[in-house]
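[1] My questions are about this predicted structure, shown below with the sequence.
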Amino acid sequence: MEDSKIEWTHHTQNFWYGCAKVSPACDFCYAETMMDTRYGRVEWGGTRRRTGQQLWRNPLRWQREAEADGVRRRVFTLSLGDFFDNQVDPQWRADAWDVIRQCPNLDWLILTKRPQNILKMLPTDWGKGWDHCWLGCTVENQAEARRRIPHLLRVPAAVQFLSCEPLLEKIDLTEWLDRIDWVIVGGETGTQPRYLEPDWARDLLDQCRAFETAFFMKQMTSKKPIPHDLLIREYPK
């Protein structure tokens, strides 16, 4: 998308559509509603679909614009799938890495619910991480924090971040926050949104402050107004 409606990014880039549900965060997936029910482009949990060449060319134009402007722009990859989905044709991912490699003036934010797959799906020249690639995982509850974060932290990256969206319960991240650069917090939207208790977000804010980790409050349940003390939108340095 040219100008994403997601508050913490400038653009979204989908190299393919489709995914499958893997944890409680997926129960009322917005992408499933968009791609399966509303637009009928893919059957959720079924065969993934590669997007058209026009979408694949967009980042190269964003790269030229960012280079000309001298202003870095963030690109969320993918919003309608999972970059580290093992049901995706590996050649698609290799082609996507090639596009990302050609766009060093864009910061690529790759968020996954499958961090256990990252190490085996990195490009051969990843080294200690590409300077313009941020890697993150979704942690909606304590169980997923314990399961996913250790996998994420095994991968060297310029920025490592967590998306606590939808935040479904109070979470303690203190075991890992000394190695996490950014925490995004958000409530659920859609027809059956589960409630985000503001004190859960406040507790995460306090944890981030203790470790000097950047905190970004994206939204409350159904995009209700964010309490004044939580209206904090920071980015990693």
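    Now that the structure is in, tell me what you want to look at.
[2] elements contacting the longest helix along the chain?
    As assigned by DSSP state H, the longest helix anywhere in the chain is helix 53-69. Using 3 or more C-beta pairs under 8 Å, 6 or more residues apart in numbering; DSSP states H and E, the elements in contact with helix 53-69 are strand 11-12, strand 73-77, helix 90-101, strand 106-112. Bear in mind the C-beta positions are built from the backbone N, C-alpha and C, glycine included.
[3] so the last one versus helix 53-69, what angle?
    Just to be clear, that refers to strand 106-112. Relative orientation of strand 106-112 versus helix 53-69 (axes from the mean of the first three to the mean of the last three C-alpha atoms, to 10 degrees): 130 degrees.
[4] Could you point out the helix or strand that follows the lowest-mean-pLDDT helix or strand in the chain?
    For the chain, the helix or strand with the lowest mean confidence is helix 30-32, at a mean of 88 (criterion: mean pLDDT, DSSP states H and E). The helix or strand immediately downstream of helix 30-32 is strand 49-50, counting by DSSP states H and E.
[5] Give me the sheet partners of that next one and which way each runs.
    Note on strand 49-50: by DSSP bridges, its sheet partners are strand 16-17 (antiparallel).
[6] Low-confidence bits of this structure, can you list those?
    Low-confidence segments of the chain (pLDDT under 70): 1-2, 36-40.
[7] Looking at the helices and strands packed on helix 53-69, spot the one closest to residue 208.
    With C-beta to C-beta as the measure, strand 106-112 is the member of these nearest residue 208 (17.8 Å).
[8] and that closest one, which strands flank it?
    Using DSSP bridges, strand 106-112 pairs in its sheet with strand 73-77 (parallel), strand 133-138 (parallel).
[9] Leaving out sequence neighbours, find the closest residue to residue 31.
    residue 80 (4.6 Å; C-beta to C-beta, 6 or more residues apart in numbering).
[10] what sits up against stretch 211-227?
    Around stretch 211-227, the neighbours that count as contacts under C-beta atoms under 8 Å, 6 or more residues apart in numbering are 6-8, 165, 174, 177-178, 180-189, 193-196, 198, 201, 204-205, 207-209, 230-237.
[11] Make a ChimeraX selection of the buried ones in these.
    In ChimeraX, a selection of the buried entries from those looks like this (16 or more other C-beta atoms under 10 Å):
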select :6,8,165,177,180,181,182,183,184,185,186,187,188,189,193,194,196,198,201,204,205,207,208,230,236
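[12] Who is the residue most central in space within the chain paired with across the strands?
    For the chain, the residue nearest the mean C-alpha position is residue 111 (3.0 Å; C-alpha atoms, centre = their mean). Residue 111 has these beta-bridge partners by DSSP bridges: residue 136.
[13] Please save the CA atoms from the strand or helix carrying residue 208 in PDB.
    Using DSSP H and E, residue 208 sits in helix 198-211. Output in PDB follows, covering the C-alpha atoms of helix 198-211 (Å, rounded to 0.1, in the frame of the first residue of the first chain):
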ATOM      1  CA  PRO A 198      -5.700  -0.700  29.900                       C
ATOM      2  CA  ASP A 199      -3.700  -1.800  33.000                       C
ATOM      3  CA  TRP A 200      -2.200  -4.600  31.000                       C
ATOM      4  CA  ALA A 201      -0.700  -2.000  28.600                       C
ATOM      5  CA  ARG A 202       0.300   0.200  31.600                       C
ATOM      6  CA  ASP A 203       2.200  -2.700  33.100                       C
ATOM      7  CA  LEU A 204       4.100  -3.300  29.800                       C
ATOM      8  CA  LEU A 205       4.900   0.400  29.600                       C
ATOM      9  CA  ASP A 206       6.400   0.300  33.100                       C
ATOM     10  CA  GLN A 207       8.500  -2.800  32.000                       C
ATOM     11  CA  CYS A 208       9.700  -1.000  28.900                       C
ATOM     12  CA  ARG A 209      10.700   2.100  30.900                       C
ATOM     13  CA  ALA A 210      12.700  -0.100  33.300                       C
ATOM     14  CA  PHE A 211      14.700  -1.400  30.400                       C
END
